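>>> kindly return the folded structure for what I paste below:
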Amino acid sequence: MLKKTTIIAAFLILTSAAKATAIPARTVYENDANSSAIELKVWKGYGLTINLMSTGETIKQVWIGDPSRFAFTSNGGLCPSSGGDSECAGGKATVIFLRQIDPIDFPVSTSGDGSTQITLLTSQKQYQFKIVPATGNPAYTSLVVKSDSDRPLPITRPRTPLPLTVEKPQSAPPVVHQPSPPPQTIKVPLPQPVAVLRPNPGTTLDGAIQRNDANALAFGLAEAGRKGQVKPGSTTWNKVQDAIKLLRRGKTRDEAISLSQVDKTTFNQLLEWGQL
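Next up, the predicted model:
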């Protein structure tokens with residue numbers, strides 16, 4: 001019995017230790033990574049991975065401003081510093097692993113804290129991060145760059161309906177019977193011709209609905225921009241603008257979503273905001 005209790009206690013200790021050593025990953029989105037300088041710490045003995053798998057991009061080249069304190073490897077081939085696209089066709093790198101190394105005496109200017117800049121050139125854009133050497137227990141060991149279309153929209157609370165006020169019916173005034181007037185001859189006017197209004201050529205009910213959807217989507221996008229949920233000029237912003245144009249050209253909601261490649265959940269959420 002004592003041996004069984006000891007085994008259970010040891011198992012609980014190992015399980016707790018495994019949970020305690022789990023290190024969370026840091027997440028940023030494409031637009032944030034391109035528009036602002038992000039500082040990354042590389043802890044000694046742990047290193048740091050920069051993961052672009054979620055964006056679907058391929059890393060072509062990597063440059064470190066001061067290579068005397070950091071080294072890197074990749075999960076695929078990079079393009080040579082000199083060479084044409086044919087030599088780079090096989091490069092499939094999507095993850096970079098950075099680690100600290102013992103300082104090397106290079107004839108380059110270094111910062112006082114050992115920080116420098118790393119540049120990642122992908123098949124579509126360029127990323128730049130400030131990397132700083134650190135020691136101790138790391139707060140994160142991985143940076144995951146995600147597409148702006150993966151950014152979750154905030155959950156909006158439903159509006160509280162206003163309380164209904166019920167008016168008490170007023171008592172009807174007493175009915176006073178008046179003597180009936182003598183019968184009169186009532187002349188019934190002849191019916192007048194009714195003018196039938198016809199819609200303008202090219203105007204349909206579906207077209208009006210699609211223009212209303214386009215206006216609602218535009219209002220919803222403006223509200224999301226005001227709240228900072230969708231940044232102007234971002235990938236999601238441009239896709240929604242394309243969807244608005246398609247709706248105004250007479251396309252249905254499904255056609256606008258398919259042709260603009262906007263996320264359907266984002267489309268419906270913005271449409272709902274614009275209709276409130």
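
>>> what's the neighbour count on Gly233?
Number of residues near Gly233 (other C-beta atoms under 10 Å) recorded here: 10. The way it works is simple: take the backbone N, C-alpha and C, and place the C-beta from them, glycine included.

>>> how about the one 10 residues further on?
Residues within reach of Ala243, counting by other C-beta under 10 Å, total 29.

>>> do Thr119 as well
13.

>>> now it, which residues is it bridged with?
Beta-bridge pairing for Thr119 (DSSP bridges): Trp63, Gln128.

>>> isn't it up against Tyr127?
Yes: counting by C-beta atoms under 8 Å, Thr119 does reach Tyr127; the two are 7.2 Å apart.

>>> with just CA atoms, put stretch 251-271 into PDB.
Provided in PDB are the C-alpha atoms of stretch 251-271 (Å, rounded to 0.1, in the frame of the first residue of the first chain):
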ATOM      1  CA  LYS A 251     -24.000  40.900 -57.000                       C
ATOM      2  CA  THR A 252     -25.600  38.800 -54.300                       C
ATOM      3  CA  ARG A 253     -24.100  38.400 -50.800                       C
ATOM      4  CA  ASP A 254     -22.700  34.900 -51.600                       C
ATOM      5  CA  GLU A 255     -21.200  36.200 -54.900                       C
ATOM      6  CA  ALA A 256     -19.700  39.200 -53.100                       C
ATOM      7  CA  ILE A 257     -18.100  37.000 -50.400                       C
ATOM      8  CA  SER A 258     -16.700  34.600 -53.000                       C
ATOM      9  CA  LEU A 259     -15.300  37.200 -55.400                       C
ATOM     10  CA  SER A 260     -13.800  39.400 -52.700                       C
ATOM     11  CA  GLN A 261     -12.500  36.400 -50.600                       C
ATOM     12  CA  VAL A 262     -13.600  38.200 -47.400                       C
ATOM     13  CA  ASP A 263     -14.200  36.000 -44.400                       C
ATOM     14  CA  LYS A 264     -18.000  35.100 -44.300                       C
ATOM     15  CA  THR A 265     -18.200  35.500 -40.500                       C
ATOM     16  CA  THR A 266     -16.600  39.000 -40.700                       C
ATOM     17  CA  PHE A 267     -18.900  39.900 -43.600                       C
ATOM     18  CA  ASN A 268     -22.000  38.900 -41.600                       C
ATOM     19  CA  GLN A 269     -20.800  40.600 -38.400                       C
ATOM     20  CA  LEU A 270     -20.100  43.900 -40.200                       C
ATOM     21  CA  LEU A 271     -23.500  43.700 -42.100                       C
END
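
>>> for stretch 56-65, measure first residue to last.
End-to-end distance for stretch 56-65, by C-alpha to C-alpha, to the nearest Å: 26 Å.

>>> try stretch 247-254
10 Å.

>>> and it, what's its mean pLDDT?
When pLDDT is averaged over stretch 247-254, the result is 90.

>>> element containing Ala224?
helix 205-227 (DSSP states H and E).

>>> for the helix or strand immediately after that helix in the chain, name the packing helices and strands.
Downstream of helix 205-227, the next assigned helix or strand under DSSP H and E is helix 235-248. With contacts taken as 3 or more C-beta pairs under 8 Å, 6 or more residues apart in numbering; DSSP states H and E, helix 235-248 sits against helix 205-227, helix 253-260, helix 264-275.

>>> in the stretch 1-150 of the chain, where is pLDDT below threshold?
Applying pLDDT under 70 to the stretch 1-150 of the chain flags residues 1-21, 35-36, 81-91, 106-112.

>>> hey, where'd the helices end up in it?
Along the stretch 1-150 of the chain, counting by DSSP state H, counting those that start in this stretch, helices occupy 2-20, 30-35.

>>> using PDB, list the CA coordinates for the last one.
The C-alpha coordinates for helix 30-35 follow below in PDB (Å, rounded to 0.1, in the frame of the first residue of the first chain):
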ATOM      1  CA  GLU A  30       0.400  40.700 -40.300                       C
ATOM      2  CA  ASN A  31      -0.700  44.300 -40.200                       C
ATOM      3  CA  ASP A  32       0.600  44.900 -36.700                       C
ATOM      4  CA  ALA A  33       4.000  43.200 -37.600                       C
ATOM      5  CA  ASN A  34       4.400  45.500 -40.700                       C
ATOM      6  CA  SER A  35       3.200  48.800 -39.200                       C
END
